[in-house]
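Peer 1: Below is the sequence, then the predicted model.
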Amino acid sequence: MAKQNTSAWSGKMTAATQFQTVGALFRFMKPYAKYFYGALLLAAAISVVNVLLPRLLQTFMNQHLHRMSPTWRLLIVFALLYFTITLVKAVAQFFSDYWFMSAAEFMVEDVRMKLYRKLHTLGMRYFDQTPAGSLVSRVTNDTSSFTDFWELFLTLTTGVFAIVSAFIAMWLTDVHVMLVTLLFVPLLIGSIWLYQVVATKVYRHMREKLSQLNAQLAEAITGMSVIQQFRQESRLAGEFAQTNNTYYQARVRMVKTNSLLLSPMVDLLYGGAIIAVMLTFSWTSQSATIAAGTVYAFLSYVAAFYNPIDSAMDSLSSFQDGVVAGSRVLAILADDTLEPTQQTPANGRITAGKVEFRDVSFSYDGEHDVLKHISFVAEPGQTVALVGHTGSGKSSTINAMMRFYEFQSGDILIDYQSIRQLDMADFRRQVGLVLQEPFLFYGDIAFNIRLYNPQITDDQIEAAAQFVHADEFIQRLPQGYHEPVVERGAAFSTGQRQLLSFARTIVRDPKILVLDEATANVDTETETIIQQSLAKMRQARTTIAIAHRLSTIKDADLILVLDQGEIVERGSHESLLAQNGRYADLYRMQMGEASD
Ligand SMILES: Nc1ncnc2c1ncn2[C@@H]1O[C@H](COP(=O)(O)OP(=O)(O)OP(=O)(O)O)[C@@H](O)[C@H]1O
């Protein structure tokens, strides 16, 4: 699988998309425009100072040094002037780099936060389709590579300032020699183009290989238990070694390209320009005297012209990285797979907890209905159980009711109000959801029950834990309620995690309970505790429960048997057994009395 995995890194971007992405990166920078443009202004000033200094030396050499008679006073004035300008340049350089790069860091922090917030607004559909690893890499790595992008931008802009001011200075110094230097510009542009063509290919290949390496690694880590069970270690290691080797070869090609085309090529052109300048000066000197200071200044300008090109070419390769990263970040920000929206105004509140599904149909992809015309009523305090084969639509019913996905037709009413008109914060507070796989956060036991609700006191936490029979095992832990929870609670058993998630739900005293009964195997004693807790939790609360073991919902007020998204049977346990239909078959099968 991993081998066919082509990454976004390897995909080609059109010039228009690249342009749009760069535009968006500039918009991200807008809040920090003050620092950003301030830094660029300083960079422009520095490049002017860079050509002023050789000019100062030129004047000093030509007018005073060659006479061998500079006075002490003049020497001191010159030294002071040169030192002051250099000092001002150093200070300006500091602020230019500092402002620019801190603006870039601020921007990265800001975009990372924007992305994080956006992720919380995306619907479950988005997460169904996007691997978590790829999102992690977008929020961390991709945003970080913006800094490289801005670093390159600064190098390029200062490079342009330096080149323009070097040309103006050359022009002011000697037009003829400047024209000779100009002859090298097409050659330089040609070399930059050649490097770009070769380097883009090499870098793309490299990123493709790296992405394959990441994909193989991720697959190996997530599937470790299967790999070990089926003894796939050596096969996977072989595949990893192969990709690792192609990645290494791609990197060697990158090193070769850079070693060959970067500094040596620019150095050759620089050498050529120096020779041409010297030859032109020698030729002109046959008709007129050329002052040494002028030659020195000119050579400095040629250096000022070539130096930025060298460093800009070096980092040009990261330009595309930044743009590709930018486009991946933008794709998330622009994604409209949002969580279902409420109508305005949505201020309905849950009071009694009556739940009604009225002819609800729902599909994940907008084409295939996984729920078809579902209708039922759960009066306040009643329990409605959903049963059926795997894939029959039990979880989908809960997904629609919890507003994780938008349903397409019909309506879900709570206390006679459409679910779309309910105040979402109140809805989340009043509807307690207990999933099969309890999710525990990094922190401690009390934290996992309280979950940032400061109104929940320690006494309430303990009371909730006692209510769901979790207190007993918590008290036995070395640090009790302050026992650390790490790695999603891997140190706790499945049953203990279940009980903690019950406590977390019950401490909020919800009016409605939505339960996805755990199928995980727990020992009989824990199973009994869990069932007792669930029964207590359901008392005086409307409960919609997915039941895998029918023995646990015999006392439900209404049992709905689902098949391919439709309710095919409904009634109480006794009435359904009496019907002798699917439910009766299922029940007998589970009780080990399946009839032929
Ligand atoms: N996130 C999803 N995206 C697309 N289709 C989905 C998604 N989740 C479930 N389905 C499809 O919806 C149908 C109903 O699945 P659902 O999970 O509701 O069944 P279930 O009765 O809860 O099954 P199980 O007992 O195995 O949990 C199935 O055909 C399933 O493939």
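Peer 2: Received it, and whenever you're ready, just let me know what you need.
Peer 1: Where does the prediction get shaky in the stretch 101-250 of the chain?
Peer 2: 133 (pLDDT under 70).
Peer 1: how about the residues of it that lie near the ligand?
Peer 2: D128 (Cβ under 6 Å from any ligand atom). In short, each C-beta sits where N, CA and C put it, glycine included.
Peer 1: For whichever residue of the stretch 101-250 of the chain sits closest to the ligand, which residues are in contact?
Peer 2: The nearest approach of the stretch 101-250 of the chain to the ligand comes at D128, 4.2 Å away (Cβ to the nearest ligand atom). By Cβ atoms under 8 Å, 6 or more residues apart in numbering, the contact list for D128 reads Y364.
Peer 1: and the gap between it and A292?
Peer 2: 74 Å (Cβ to Cβ, to the nearest Å).
Peer 1: In what element of secondary structure is the residue of the stretch 101-250 of the chain closest to the ligand found?
Peer 2: helix 124-129 (DSSP states H and E).
Peer 1: Now do the buried residues in that helix.
Peer 2: Across helix 124-129, burial judged by 16 or more other Cβ atoms under 10 Å covers M124, R125, Y126.
Peer 1: how far does that helix sit from the chain's center?
Peer 2: Centre-to-centre, helix 124-129 and its host chain are 15 Å apart (Cα atoms, centre = their mean, to the nearest Å).
Peer 1: The residue lying closest to M206 once chain neighbours are set aside: which element?
Peer 2: The shortest distance from M206 to any residue other than its chain neighbours is 4.2 Å, reached at A250 (Cβ to Cβ, 6 or more residues apart in numbering). Using DSSP H and E, A250 falls within helix 233-261.
Peer 1: That helix: how far from the chain's middle?
Peer 2: In terms of Cα atoms, centre = their mean, the centre of helix 233-261 is found 26 Å from the chain centre.
Peer 1: Which stretches in the stretch 201-350 of the chain count as helices?
Peer 2: In the stretch 201-350 of the chain, the helices defined using DSSP state H, counting those that start in this stretch lie at 224-229, 233-261, 263-285, 292-334.
Peer 1: Need the winner for burial among the ones you listed.
Peer 2: Among these, the stretch with the highest mean neighbour count (mean count of other Cβ atoms under 10 Å) is helix 292-334, at a mean of 19.
Peer 1: Kindly report the residues of the protein close to the ligand.
Peer 2: D128, Y364, V370, G388, T390, G391, S392, G393, K394, S395, S396.
Peer 1: now with 8 Å?
Peer 2: 124-125, 128, 364-365, 368, 370-371, 386, 388-399, 405, 516, 546, 548, 562, 565 (Cβ under 8 Å from any ligand atom).
Peer 1: out of these, which are buried?
Peer 2: Neighbour counting by 16+ other Cβ under 10 Å classes 124-125, 370-371, 386, 388, 392-399, 405, 516, 546, 548, 562, 565 among the residues of the chain next to the ligand as buried.
Peer 1: Report all helices and strands that the strand or helix carrying L179 contacts.
Peer 2: Here L179, judged by DSSP H and E, is contained in helix 175-182. Helices and strands touching helix 175-182, by 3 or more Cβ pairs under 8 Å, 6 or more residues apart in numbering; DSSP states H and E, are helix 143-173, helix 263-285, helix 292-334.
Peer 1: so can I have JSON lines of these showing distance to F230?
Peer 2: JSON lines is the format used below for the helices and strands packed on helix 175-182 (distance: least, Cβ to Cβ, whole Å):
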{"stretch": "helix 143-173", "distance to F230": "37"}
{"stretch": "helix 263-285", "distance to F230": "51"}
{"stretch": "helix 292-334", "distance to F230": "34"}
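Peer 1: Doesn't S361 belong to a helix?
Peer 2: No. According to DSSP: H, G, I helix; E, B strand; the rest coil, S361 belongs to no helix; its state is strand.
Peer 1: Dump the helix holding D128 to CSV, restricted to CA.
Peer 2: What follows is helix 124-129, C-alpha atoms only, in CSV (Å, rounded to 0.1, in the frame of the first residue of the first chain):
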residue,chain,number,x,y,z
MET,A,124,-16.6,13.8,11.4
ARG,A,125,-16.8,13.2,7.7
TYR,A,126,-13.5,15.1,7.3
PHE,A,127,-11.8,12.9,9.8
ASP,A,128,-13.2,9.8,8.2
GLN,A,129,-11.4,10.7,5.1
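Peer 1: Which strands or helices does the very next helix or strand once past that helix pack on?
Peer 2: Beyond helix 124-129 in the direction of the C-terminus, DSSP H and E gives the next helix or strand as helix 132-137. Where contact means 3+ Cβ pairs under 8 Å, 6+ apart, helix 132-137 is packed against helix 184-222.
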